[in-house]
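Visitor: model this:
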Amino acid sequence: MADKNHTDPVRMEKIVSLCKRRGFIFQAAEIYGGLNGCWDYGPLGAELKRNLKDYWWRKTVQERDDVVGMDGSILTHNSVLVSSGHVGGFSDPMCDCLLTKERLRADQVPAQSGVGFFFTGANKKDGTWSSDKEYSVLVPSEKDADKARKTAATYYAQLAGKSVSHKEMELIGERTETISDSTSYNPANGSLLTEAREFNLMFKTTIGATSDENDPNSIGWLRPETAQSIFCQYKNISDSSRVKLPFGIAQIGKSFRNEINPRNFTFRSREFEQMEVEYFCRPEQGLQLVEDWLEARLSFYEEVGVPREKIHILDVPDGERAFYSKKTYDLEYEFPFGIQELEGIAYRTDYDLTVHQTGSGKPLEYFDEETREKFIPHVVEPSAGCDRTVLAIICEAFEEEELVDEKGKKDVRTVLHFSPKVAPIKAAIFPLLKKNDEQVRIARDIQKTLQPWMNVFYDETAAVGRRYRRQDEVGTPFCITVDFETLGENDESLKYTVTIRHRDSMEQERVAIKDILPWLLERIR
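Guide: Next up, the predicted model:
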């Protein structure tokens, strides 16, 4: 079992750099200093994300008889989120570092032990300013006393004014105390934190040209999850699609949460995309369906390039699950910044439809024509983060491969080992020589043949070896080269064939031009 706290910040820094350099992911509004917690996908990132969503939809909806799709509104009626419990209950405990003003999730501050240095206040040495505000700093031991005093002096200097140095401060009322398992201090610098307070995670808005913030009928929200629109449309979809239990409703869409501390690149963002199914069933089917969906989701991740052995299955224990859940699995991946959640699979019982039936006053029971029963269906919810999955795919694919040529010279090849199913560019097409008009013509013809079927890239600049490396770095699984054999100049039997080079093995094979399309389709599906 991997260490949950193991991190590789150097590897993560290289991945972030590659994502920007090659056009996968950019900071939103970067030219204005950036919008924290928001990201824009560049040309290759947009293709990668679209391929992931298309494959999820294909495996989850198109290839199943028991799941249908929908696309719900992002703007959400206030009453929907009142009934679901989000309004008034969708918040996180927040605290601030008194020294840096950094905001932290209070429930994610680790318990720390050490020696606390307590102060009753401070004066400026010249007597022009004083404060009786209490402050404390946590350090590992009394050997770190100077560090604690410097931190405290810096805190009081900030209170005294922007231009005041910590060297100008004189601390008052110092005392020490042994502290065990405290969550009251910033782990980054030892500074005291403020008391925790609840922070609303939802983005509120007003709807309508004459809307008034004080009018409850004009209040709307950017949805914090895609699930609620599925529950609200459950009855309409059940009636119009003529589906019978068990059946699911799938949706891919944006959600919004005003995260206290967005971090770890795209992993925790304020705007993100979910790939979610609400699978409705009879009460006695729920627990088994959780197991069935667990296996289906593990198989999916393997198919898109995240191996099963890198996914940790957390069976969330009693007391840590949502109060309405009878069973929840968290699927966690070994990111370079630690093991973190990719997806949750939760058995939500009949909670959701029950609260919406109560809140709306509309009947949401299911009528079983065979047994003549009427009941509220239970729900199993596999909910995946699209952006998190994209990040996991990139992290898993990234490699700096050490190579040694025939002369013993060492080299490093940067490569993204994307599954062909999700790779942003499926094939690159090269003429061996850009000055050879016939090679260029054939290469362009191949490009035009493939473009209606997949995203391809034409490149004729630099040596072919350098072109291979450029495609390795963006994860293109196949490179097609039109060379002199294609023209039949060296061997007549190879005329009208091309060289196809495999990214991972770097091996090459000859394929007839007429067979390129079916050859690729077989490998990218």
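
Visitor: residue 488: how many residues sit nearby?
Guide: Using other CB atoms under 10 Å, residue 488 is surrounded by 13 other residues. In short, each C-beta sits where N, CA and C put it, glycine included.

Visitor: make that residue 207, sorry
Guide: When counting by other CB under 10 Å, one arrives at 14 neighbours for residue 207.

Visitor: contact partners for it?
Guide: Residues near residue 207 by CB atoms under 8 Å, 6 or more residues apart in numbering: 75, 218, 219, 220.

Visitor: for the residue nearest the centre of the chain, give its distance to residue 301.
Guide: Nearest to the mean C-alpha position of the chain, by CA atoms, centre = their mean, lies residue 388 at 1.9 Å. For residue 388, the distance to residue 301 equals 11 Å [CB to CB, to the nearest Å].

Visitor: overlap in contacts of the two?
Guide: Shared contacts of residue 388 and residue 301 (CB under 8 Å, 6+ apart): residue 342.

Visitor: and residue 27, backbone torsions?
Guide: phi -70, psi 130 (degrees, to the nearest 10).

Visitor: ok, residues contacting the helix of greatest length in the chain?
Guide: The longest helix of the chain (DSSP state H) is helix 286-303. Helix 286-303 is contacted from outside by 55-56, 59, 246, 277, 279, 281, 307-308, 311, 313, 326-327, 329, 331, 342-343, 345-347, 349, 378, 380, 382, 384, 389, 392, 419, 421, using CB under 8 Å, 6+ apart.

Visitor: what residues sit buried inside it?
Guide: Neighbour-count burial for helix 286-303 flags 286, 289, 290, 293, 294, 297, 298, 300, 301 (criterion: 16 or more other CB atoms under 10 Å).

Visitor: okay if I get those as TSV plus distance to residue 435 and pLDDT?
Guide: Conversion of those to TSV gives the following (distance: CB to CB, whole Å; pLDDT from 0 to 100):
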residue	distance to residue 435	pLDDT
286	67	94
289	62	97
290	62	97
293	56	97
294	57	97
297	51	97
298	51	97
300	46	97
301	46	97
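
Visitor: distance to residue 87 for these - can I get that in JSON lines?
Guide: JSON lines is the format used below for the buried residues of helix 286-303 (distance: CB to CB, whole Å):
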{"residue": "286", "distance to residue 87": "27"}
{"residue": "289", "distance to residue 87": "30"}
{"residue": "290", "distance to residue 87": "28"}
{"residue": "293", "distance to residue 87": "29"}
{"residue": "294", "distance to residue 87": "32"}
{"residue": "297", "distance to residue 87": "30"}
{"residue": "298", "distance to residue 87": "35"}
{"residue": "300", "distance to residue 87": "33"}
{"residue": "301", "distance to residue 87": "34"}
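
Visitor: ok, which pair from these is furthest apart?
Guide: Maximum pairwise distance among the buried residues of helix 286-303 (CB to CB): 22.9 Å, between 286 and 301.

Visitor: ok now stretch 349-361, how far from the chain's centre?
Guide: 30 Å (CA atoms, centre = their mean, to the nearest Å).

Visitor: list the buried residues in that stretch.
Guide: Applying 16+ other CB under 10 Å to stretch 349-361 flags 349, 350, 351, 352, 353, 355, 356, 357 as buried.

Visitor: what pLDDT does the first one get?
Guide: Looking back up the chat, that one is residue 349. As predicted, residue 349 sits at a pLDDT of 95.

Visitor: bridged to the residue nearest to it when sequence neighbours are not counted, which residues?
Guide: Leaving aside its sequence neighbours, residue 349 sits nearest to residue 378 (CB to CB, 6 or more residues apart in numbering; 5.2 Å). Here residue 378 sits in beta bridges with residue 281, as judged by DSSP bridges.

Visitor: just residue 115 next, same as before
Guide: residue 139, residue 178.

Visitor: am I right that it is in contact with residue 139?
Guide: Yes. Contact criterion CB atoms under 8 Å: residue 115 and residue 139 qualify, at 5.8 Å.

Visitor: and these two? which has more neighbours close in?
Guide: Neighbours were counted for residue 115 and for residue 139 using other CB under 10 Å; residue 139 has more, 22 against 18.

Visitor: do you know how far that one is from residue 185?
Guide: Counting by CB to CB, the separation of residue 139 from residue 185 is 9 Å.

Visitor: what subset of the contacts of residue 207 is buried?
Guide: Among these, those classed as buried by 16+ other CB under 10 Å are 219, 220.

Visitor: and which of the contacts of residue 207 is nearest to residue 251?
Guide: residue 75 (15.1 Å).

Visitor: list the contacts of that closest one.
Guide: Taking CB under 8 Å, 6+ apart as the definition, contacts of residue 75 comprise 205, 207, 220, 221, 222, 223.

Visitor: make it 7 Å
Guide: Listed by CB atoms under 7 Å, 6 or more residues apart in numbering, the contact set of residue 75 reads 207, 220, 222.

Visitor: let's have those in TSV, adding distance to residue 130, secondary structure and pLDDT.
Guide: Shown next, in TSV, are these (distance: CB to CB, whole Å; DSSP: H, G, I helix; E, B strand; the rest coil; pLDDT from 0 to 100):
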residue	distance to residue 130	secondary structure	pLDDT
207	52	coil	89
220	50	strand	91
222	47	strand	94
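
Visitor: which of those residues lies closest to residue 14?
Guide: Of all the contacts of residue 75, residue 222 has the smallest distance to residue 14: 33.7 Å, by CB to CB.

Visitor: residue 387 - that's part of a strand, no?
Guide: No. Going by DSSP: H, G, I helix; E, B strand; the rest coil, the assignment for residue 387 is helix, not a strand.

Visitor: state the distance from it to residue 25.
Guide: 9 Å.

Visitor: what is the most widely separated pair among the contacts of residue 207?
Guide: Greatest spatial distance among the contacts of residue 207 (CB to CB): 75 and 218, at 11.8 Å.

Visitor: measure how buried residue 133 is and give me the count.
Guide: The tally of other residues near residue 133 (other CB under 10 Å) stands at 13.

Visitor: how far away is the nearest residue in space to it that is not next to it in sequence from residue 374?
Guide: With sequence-adjacent residues excluded and distances taken as CB to CB, 6+ apart, residue 133 is closest to residue 121, at 6.0 Å. According to CB to CB, residue 121 stands 69 Å off from residue 374.

Visitor: those two: which has the busier surroundings?
Guide: Just comparing residue 121 and residue 374: by other CB under 10 Å the higher neighbour count belongs to residue 121, 16 against 10.

Visitor: how about the more buried one: which residues does it bridge to?
Guide: Beta-bridge partners for residue 121, by DSSP bridges, are residue 172.

Visitor: do the same with the one 10 residues further on
Guide: Beta-bridge pairing of residue 131, defined through DSSP bridges, involves residue 122.

Visitor: check contacts around it.
Guide: If you count contacts by CB under 7 Å, 6+ apart, then residue 131 has 121, 122, 156, 159 around it.

Visitor: do the same with residue 63
Guide: Contacts of residue 63 were listed using CB under 7 Å, 6+ apart, and none were found.

Visitor: could you do the one 5 residues further on as well?
Guide: Contacts were defined as CB under 7 Å, 6+ apart; by that measure residue 68 touches 61, 237, 241, 243, 249.
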